[in-house]
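[1] predicted model and sequence below, questions to follow.
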Amino acid sequence: MGRRQRRAAAAVLLVGALSVSCAGGDGAGSATQGMTGGWSAGRSAGPSTAPSPTETYYLDDTTPDIPLDDAARNEALSTAVAAWRAFARPDLDFDTWWAGLEPMLTQRSAESYFYTDPANVVALAVSDTAQIVDAPSGYEVHVEVATDRGGRTVVLLRNGEADPWQVYRFVLPQGEG
């Protein structure tokens, strides 16, 4: 893909991200309402994760819910803390930062966050304290993680009861990011 095409693709992503964020108030809605992420021009390759045919995450009224038991809640809390620790690392070069973050992301999030420059991410001291603040279903939870700059939320998704939680979106406070 040429430089002009990459810029056009980045512009489309930016317009889409701005459209979603402008339409949704505080941006902390359900994952089925869309996602946003940072971007920067100039990366020559995209995420290394191949698209997964099982990465649906969009549910309709006929999809049966799955339980959100204690084990699933604890896994979600651990994943949220690890994700914020991996994300809030502006001290790392992109390749190191991405190697630690990408495995925790959904494919769609990887496609979006790939364009983030870690130097532009706010450094945070992330504690082990986290709580689920919303659970629209057994497939989606919103977890707030305590940091030295206040609580930070991450939206996690999973495909099924036996599947791991993955980051769909980091929810940044107004004016940050």
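    Cool, got the structure.

[2] residue boundaries of the helices in this protein?
    Along the chain, counting by DSSP state H, helices occupy 3-23, 70-87, 94-101, 107-113.

[3] ok, now which ones touch F87?
    The contact partners of F87, by C-beta atoms under 8 Å, 6 or more residues apart in numbering, come to 101, 121, 167, 170. Where C-beta positions appear, they are placed from N, C-alpha and C, glycine not excepted.

[4] mind checking which of the residues you listed are in strands?
    Of these, the ones assigned to strands by DSSP state E are 167, 170.

[5] which of the helices of the chain has the lowest mean pLDDT?
    For the helices of the chain, mean pLDDT drops lowest on helix 3-23, to a mean of 40.

[6] leaving out chain neighbours, which residue sits closest to E144?
    Excluding the flanking residues, the one nearest E144 by C-beta to C-beta, 6 or more residues apart in numbering is G151, at 4.3 Å.

[7] return the distance of that neighbour relative to A123.
    In this view, G151 and A123 are 16 Å apart by C-beta to C-beta, to the nearest Å.

[8] which one's more surrounded, these two?
    Using other C-beta atoms under 10 Å as the criterion, G151 and A123 rank with G151 on top: 15 against 12.

[9] name whatever forms a beta bridge with that one.
    A146 (DSSP bridges).

[10] which ones are touching L92?
    For L92, the contact set (C-beta under 8 Å, 6+ apart) comprises 100, 118.

[11] buried residues in the lengthiest strand in the chain?
    Looking across the chain with DSSP E, the single longest strand is strand 126-137. Neighbour counts over strand 126-137 (16 or more other C-beta atoms under 10 Å) mark 126, 130, 132, 135, 137 as buried.

[12] how about stretch 89-96?
    Within stretch 89-96, the residues scored as buried using 16+ other C-beta under 10 Å are 89, 92.

[13] then stretch 70-82?
    Under the neighbour-count criterion of 16+ other C-beta under 10 Å, stretch 70-82 has 72, 75-77, 79-82 buried.

[14] could you dump the residues you listed to a markdown table with distance to L157?
    Below are the buried residues of stretch 70-82 laid out as a markdown table (distance: C-beta to C-beta, whole Å):
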| residue | distance to L157 |
| --- | --- |
| A72 | 12 |
| E75 | 13 |
| A76 | 10 |
| L77 | 15 |
| T79 | 10 |
| A80 | 12 |
| V81 | 17 |
| A82 | 15 |
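
[15] looking at those, spot the one nearest Q107.
    The nearest member of the buried residues of stretch 70-82 to Q107, counting by C-beta to C-beta, is T79 at 16.3 Å.
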